[in-house]
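Trainee: Below are the sequence and a predicted model for it; my questions follow.
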Amino acid sequence: MKRTDQISRRDFLNAAAAATAFTVIPRHVLGGANASAPGRKLNIAGIGIGGMGYSNLKNMESENIVALCDVDEEYAAKVYQQYPNAKRYRDYRILLEKEKGIDAVLIATPDHTHAVITIAAMKAGKHVYCQKPLTQTITEARRVAQVAIETGVVTQMGNQGRSSDDIRRICEWIQDGAIGPVREVHAWCSLTYYPWGHAWWSTTHASKPKESVSVPSTLDWDLWLGPASSRPYHPCYHPAKWRAWWDFGCGMMGDRGVHTLDSVFWSLKLGYPESISATCTDLSDDTHPVASIVTYQFPEREGMPAVRVNWYEGLEPPRPEDLEDGRSLPSEGGALFKGERGTLMCGVYGESPQLIPSAKMKAYQKPKESIPRIQGTHEQDWIDAIKQGRKACSDFSYAGPLTEFALLGNIAKRVQSKIIWDGRAMIVTNNEKANQYVHKQYRDGWVL
C-alpha cells in the first residue's frame, strides 16, 4: 500500500456519514437491474465454509444459499451435504466471476485472506458478512473500510456480541453513571493456543516445521496460502490450527479480543490510543505468545476521562476487591470496568453484565433503554439491513476501528516495548521496527 492510499479514521467516519445519508440502497447493489423488491429472498454465497462459516450459513437459511466455496473439499463436505443444490467452487475469484446473480457473500476464511476476498466481493457489488477479525493488518482494515464506503454495500463483521441486548446495557449503564467515570479496564481471555499446532507439532519450540508432508488430494494448498508467503503444507496449520501462527492468524487478540474488547470500545467511545505496551512469554517470529499482558492508554474524549485498558491472554486479571468471596470471574474471559463509584463485570461477549458486589446490582435502578435493540441473530441483522437499506450494527465503519484496536496490541507484542501511535498518520512514531507490522507484504500475484 502506498501512503496515498491511507485514510484516517476521522476522514473515514465523515465519509461514512455522507454515504449513509440515503435511506434506500440502489437497485444495482441489490442484485442488478432485475432485482425484485427488498422483501425478496437474497441469493447468498459462502466462502470458507468448513469452520465458523457453517454456523453462519445456518443463521442465513431464511435466504437462498446458492453457491459455496472452500479450498478443502473434505473439510467442507458436511456443508456441501447440507446445501446440495448450491454450486461448488474452490477459488473465490471464479465464484465472483461466474455467479453474477448473487447479492451477498459470507466470508469465513482464515484471517490472512479476509481483506483480499472482502475487497474483491465488495468491488463486485456484493454485500459482505466477514468473520472477525476484519483483517490481519491495520493497513488492510483502513482499506477495507474505505472500499465499503466507495461501493455502498451493506457490511457486517462477525462479532456477534455486538447484536446482543447485554452489550447495549453496558453502554447504557456507563452512560447513566452506574459506576461513575471509568479510568481503568481489565479485559482478558484465560485460554491459550499452546501447544502450537496442537498435537501436530512440538511443545518445546515454536518454529516452522521443516519436514515434508504430502498435501491431501482434497486441499488446494496454494489457494489456502493466498497472499501469505509460500511454505510447505503441514497439518499444524490446517485445519483449524492457523490462529497460532503470525503469518495466518491474529492470535488471541483477533480471536477473543475482538469479542471481549467490543463492549469496552463501544461503551467508552474509544478512538486512537496514545500508547500501547506489551509483555509476553514464549514470543517467536512464527507463533503468537503463550501469554501476554497488553496495556493501552487512551486520552480524554467526548466528556470521558483518560482511561487505561489492560488486556490479559492466557491469564486472568487481578481479582477485584469488591467481588464477593466464593464468586468466580466469568468463565474463559470477560471485562472489568473500574469506575470511581464501583465495578461492572461482564463475560467474553459482553454477556451477563453485573455491578459488583451483588448488593449494588440489586440496589441499582436501571435506566430506560436508549439504544435500539437488534431483532434476531447477528446474521439476521445484516440480512435485514440489506433489505431495509440501512447499516448493520457492526458494519465496517465500526468493525475496522475495533479490529485496529486489537491489532495494535499485536504490534506491541512483537516489539515487546511501549509504542507511541499516531493514528491519523497511521504510524508508530518511536519504534521503526514496529511499523513493519502495520502493513504486510503479499506474495506475487496477490493485491488488495
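Mentor: Perfect, thanks for sending it.
Trainee: What are the boundaries of the strands in the stretch 201-350 of the chain?
Mentor: 275-281, 291-298, 307-313, 333-339, 342-347 (DSSP state E, counting those that start in this stretch).
Trainee: Mean neighbour count, mean pLDDT and distance to Y75 added to those strands, as CSV?
Mentor: Heads up, the C-betas are built off the backbone N, CA and C, glycines and all. Output for the strands of the stretch 201-350 of the chain, formatted as CSV (neighbours: other C-beta atoms under 10 Å; pLDDT from 0 to 100; distance: least, C-beta to C-beta, whole Å):
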stretch, mean neighbour count, mean pLDDT, distance to Y75
strand 275-281, 19, 96, 31
strand 291-298, 21, 97, 30
strand 307-313, 23, 98, 27
strand 333-339, 23, 98, 27
strand 342-347, 22, 98, 30
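Trainee: Any chance of those strands in JSON lines with distance to T155 as columns?
Mentor: Formatted as JSON lines, these follow (distance: least, C-beta to C-beta, whole Å):
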{"stretch": "strand 275-281", "distance to T155": "26"}
{"stretch": "strand 291-298", "distance to T155": "25"}
{"stretch": "strand 307-313", "distance to T155": "26"}
{"stretch": "strand 333-339", "distance to T155": "25"}
{"stretch": "strand 342-347", "distance to T155": "26"}
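Trainee: Indicate which one of those is closest to K440.
Mentor: K440 lies closest to strand 275-281 among those, at 18.5 Å (C-beta to C-beta).
Trainee: list the helices and strands the closest one packs on?
Mentor: Other helices and strands packing on strand 275-281, by 3 or more C-beta pairs under 8 Å, 6 or more residues apart in numbering; DSSP states H and E, are strand 291-298, helix 396-415, strand 419-422.
Trainee: ok, and which of those has the densest surroundings?
Mentor: Per residue and on average, the most neighbours among these fall to helix 396-415, with a mean of 26 (mean count of other C-beta atoms under 10 Å).
Trainee: Figure out how far it is from the centre of its chain.
Mentor: Helix 396-415 has its C-alpha centroid displaced from the chain centroid by 9 Å (C-alpha atoms, centre = their mean, to the nearest Å).
Trainee: quick one, it and strand 291-298 angle?
Mentor: Angle between the axes of helix 396-415 and strand 291-298 is 120 degrees (criterion: axes from the mean of the first three to the mean of the last three C-alpha atoms, to 10 degrees).
Trainee: one step back: of all the strands of the stretch 201-350 of the chain, which lies closest to H114?
Mentor: Per C-beta to C-beta, nearest to H114 of the strands of the stretch 201-350 of the chain: strand 307-313, 20.7 Å.
Trainee: Could you list the paired strands of that closest one along with their orientation?
Mentor: Sheet pairing of strand 307-313 (DSSP bridges) gives strand 182-189 (parallel), strand 291-298 (antiparallel).
Trainee: Now that we have those, can you turn them into a markdown table and tack on distance to E63?
Mentor: Below are those laid out as a markdown table (distance: least, C-beta to C-beta, whole Å):
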| stretch | distance to E63 |
| --- | --- |
| strand 182-189 | 33 |
| strand 291-298 | 39 |
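Trainee: Nearest to M252, out of those strands?
Mentor: Of all the strands paired with strand 307-313, strand 182-189 comes closest under C-beta to C-beta, at 5.4 Å.
Trainee: which residues touch the closest one?
Mentor: For strand 182-189, contacts defined as C-beta atoms under 8 Å, 6 or more residues apart in numbering pick out 174, 252, 255-257, 260-261, 264, 268, 304-318, 332-340, 348.
Trainee: and it, how far from the chain's centre?
Mentor: 19 Å.
Trainee: Okay, buried residues for that strand please.
Mentor: Residues of strand 182-189 classed as buried: 182, 185-189 (neighbour count, 16 or more other C-beta atoms under 10 Å).
Trainee: which one of those residues is nearest S275?
Mentor: Each of the buried residues of strand 182-189 was checked against S275 using C-beta to C-beta; the closest is V185, at 15.4 Å.
Trainee: Leaving out chain neighbours, which residue sits closest to that closest one?
Mentor: V309 (4.7 Å; C-beta to C-beta, 6 or more residues apart in numbering).
Trainee: Make sure that neighbour is actually in contact with T295.
Mentor: Yes. The criterion here is C-beta atoms under 8 Å, and V309 meets it with T295 at 7.3 Å.
Trainee: out of the strands of the stretch 201-350 of the chain, nearest to R373?
Mentor: strand 342-347 (17.1 Å).
Trainee: got the angle for the closest one vs strand 182-189?
Mentor: Using the same axes, to 10 degrees: strand 342-347 against strand 182-189 is 20 degrees.
Trainee: which other residues reach strand 342-347?
Mentor: 166, 170, 173-174, 178-180, 263, 320, 322-323, 329-331, 333-337, 352-356, 360.
Trainee: and if we set it to 6 Å?
Mentor: 179, 320, 322, 330, 334-337, 353-356, 360 (C-beta atoms under 6 Å, 6 or more residues apart in numbering).
Trainee: What angle do strand 333-339 and that strand make with each other?
Mentor: Using the same axes, to 10 degrees: strand 342-347 against strand 333-339 is 170 degrees.
Trainee: Quickly run through the sheet partners of strand 342-347, with directions.
Mentor: strand 333-339 (antiparallel), strand 354-356 (antiparallel).
Trainee: Extract the CA atoms of the longest one and return them as PDB.
Mentor: Read it as strand 333-339. Extracted C-alpha coordinates of strand 333-339, given in PDB (Å, rounded to 0.1, in the frame of the first residue of the first chain):
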ATOM      1  CA  GLY A 333     -12.700 -14.400  29.900                       C
ATOM      2  CA  GLY A 334     -14.600 -11.100  30.200                       C
ATOM      3  CA  ALA A 335     -14.100  -7.500  31.200                       C
ATOM      4  CA  LEU A 336     -14.000  -5.400  34.400                       C
ATOM      5  CA  PHE A 337     -14.800  -1.700  34.200                       C
ATOM      6  CA  LYS A 338     -13.400   0.100  37.200                       C
ATOM      7  CA  GLY A 339     -15.300   3.300  37.900                       C
END
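Trainee: ok, residues contacting it?
Mentor: Residues contacting strand 333-339 (C-beta under 6 Å, 6+ apart): 179-180, 182, 184-190, 256, 260, 263-264, 320, 343-348.
Trainee: just the shortest one next, same as before
Mentor: With contact meaning C-beta under 6 Å, 6+ apart, strand 354-356 is reached by 322-323, 342-345, 361, 364.
Trainee: Try it again at 10 Å.
Mentor: Strand 354-356 is contacted from outside by 173, 178-179, 320-324, 327, 330, 336-337, 339, 341-347, 360-364, using C-beta atoms under 10 Å, 6 or more residues apart in numbering.
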